[in-house]
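A.B. asks: sharing a model prediction with you, sequence too.
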Amino acid sequence: LISSATKSLRMETEILEKKLQDAQMKLAEKDGDKEKEIQSLKRLISELEFQLTMEKSNNESFLDKLRKEIKHKSDELEQLTQEKTQLIHSLSQVQEENSLLQDTVRRECEERFELTAALGRAREQVLELRRLSGTLP
């Protein structure tokens, strides 16, 4: 009976040891798979971090270019605004001068018209005097 129980326990122990070995092998395989997955994820993280760094660098470079372009356009706009102001001022002066010249031309035309009229009257008087002097001794 003892021998049979011992034999039974040995067989059960062997079965349990085999199950333990199988479980340990499966656990080792799972650990290996997990380690491979961890290494794969670490590589992926490194790649993604590198891509992120490159994207940040590209974005910063792009932003720097945009800032420079905005500054350049702002400077151009300021210069054009100053030129516009100067042109408006010059236009105002030219308009004022034009108005003054038109007024001067108008007065000179009026004066010329008056002189022409006076000359016409003077001619008539001279002709009248000639006619009258021709009848007088």
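C.D. replies: All right, it came through fine. Just so it is clear, the structure is predicted and the values come from calculations on it, not from any experiment.

A.B. asks: now the helices for the protein?
C.D. replies: Here the chain has its helices, by DSSP state H, at 2-135.

A.B. asks: low pLDDT regions in it?
C.D. replies: Scanning the chain for pLDDT under 70 picks out the ranges 136-137.

A.B. asks: how does it look with 50?
C.D. replies: The model of the chain has no residue with pLDDT under 50.

A.B. asks: nearest residue to the middle of it?
C.D. replies: Ile70 (5.2 Å; C-alpha atoms, centre = their mean).

A.B. asks: how near is that one to Arg131?
C.D. replies: 88 Å (C-beta to C-beta, to the nearest Å). For the C-beta atoms, the positions are set from N, CA and C on the backbone; glycine is no exception.

A.B. asks: same question, Lys26
C.D. replies: 149 Å.

A.B. asks: repeat for Glu35
C.D. replies: 139 Å.

A.B. asks: and what of Thr6?
C.D. replies: For Thr6, the distance to Arg131 (C-beta to C-beta) stands at 179 Å.

A.B. asks: how about Val94?
C.D. replies: In this view, Val94 and Arg131 are 54 Å apart by C-beta to C-beta.

A.B. asks: what do you get for Gln125?
C.D. replies: Distance from Gln125 to Arg131, by C-beta to C-beta: 11 Å.

A.B. asks: picking up where we left off before, give the contact list for the residue nearest to the centre of the chain.
C.D. replies: Not one residue lies near Ile70 by C-beta atoms under 8 Å, 6 or more residues apart in numbering.

A.B. asks: can you check Gln95 too?
C.D. replies: Contacts of Gln95 (C-beta under 8 Å, 6+ apart): none.

A.B. asks: ok, the one 10 residues further on next?
C.D. replies: Shown in contact with Val105 (C-beta under 8 Å, 6+ apart): no residues.

A.B. asks: over to Gln93?
C.D. replies: Counted by C-beta under 8 Å, 6+ apart, Gln93 has zero contacts.

A.B. asks: and Glu69, how many neighbours?
C.D. replies: 10 (other C-beta atoms under 10 Å).

A.B. asks: right, I mislabeled it, should have said Arg43
C.D. replies: 10.
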